[in-house]
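Enquirer: below are the sequence and a predicted model for it; my questions follow.
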Amino acid sequence: MDSLYLLIPIALVFCVIAIRLLLWAIDSGQYDDLDKEAWRILADEDPPATSEPDRTDESDEEPRR
């Protein structure tokens with residue numbers, strides 16, 4: 001019974017901290033757009049990779065110093 005006098009206030013403190021963190025996350029916009037990240041992984045934004053890099057004629061370029 002004596003341990004409950006310690007465990008109940010600790011549990012209440014953890015609940016208050018969890019609620020405060022949840023409210024902070026909601027206020028800071030963490031849950032505004034849940035679908036964007038889910039669709040972003042499906043979007044093909046990167047250009048296709050080529051087997052060899054495009055090379056230009058380096059003789060026309062100015063020499064590097």
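Expert: That came through, no problem.
Enquirer: CA atoms for contacts and neighbours, from now on please.
Expert: OK.
Enquirer: hey, where'd the helices end up in the protein?
Expert: Secondary structure of the chain by DSSP state H: the helices cover 2-27, 34-40.
Enquirer: among those, which gets the worst mean confidence?
Expert: Averaging pLDDT over each of the helices of the chain singles out helix 34-40 as the lowest, with a mean of 81.
Enquirer: put the alpha carbons of that helix into CSV.
Expert: Extracted in CSV, the C-alpha atoms of helix 34-40 (Å, rounded to 0.1, in the frame of the first residue of the first chain):
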residue,chain,number,x,y,z
LEU,A,34,-0.9,13.5,-42.8
ASP,A,35,-1.4,12.5,-46.4
LYS,A,36,1.5,14.5,-47.9
GLU,A,37,4.3,12.2,-46.6
ALA,A,38,2.3,9.1,-47.6
TRP,A,39,2.0,10.3,-51.2
ARG,A,40,5.5,11.7,-51.4
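Enquirer: just checking, what packs against that helix?
Expert: Packed against helix 34-40, as judged by 3 or more C-alpha pairs under 8 Å, 6 or more residues apart in numbering; DSSP states H and E, are no other helices or strands.
Enquirer: follow-up on the earlier one: with mean neighbour count as extra columns, can I get the helices of the chain in CSV?
Expert: Output for the helices of the chain, formatted as CSV (neighbours: other C-alpha atoms under 10 Å):
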stretch, mean neighbour count
helix 2-27, 11
helix 34-40, 9
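Enquirer: quick check: Pro9 vs Leu22, distance?
Expert: Using C-alpha to C-alpha, to the nearest Å, one gets 20 Å for the distance from Pro9 to Leu22.
Enquirer: not counting stretch 17-27 itself, show me its contacts.
Expert: 31-32 (C-alpha atoms under 8 Å, 6 or more residues apart in numbering).
Enquirer: compute the first-to-last residue distance for stretch 25-32.
Expert: Stretch 25-32 end-to-end distance (C-alpha to C-alpha) = 10 Å.
Enquirer: again with stretch 20-38
Expert: 26 Å.
Enquirer: Phe14 versus Ser3, what's the distance?
Expert: Distance from Ser3 to Phe14, by C-alpha to C-alpha: 17 Å.
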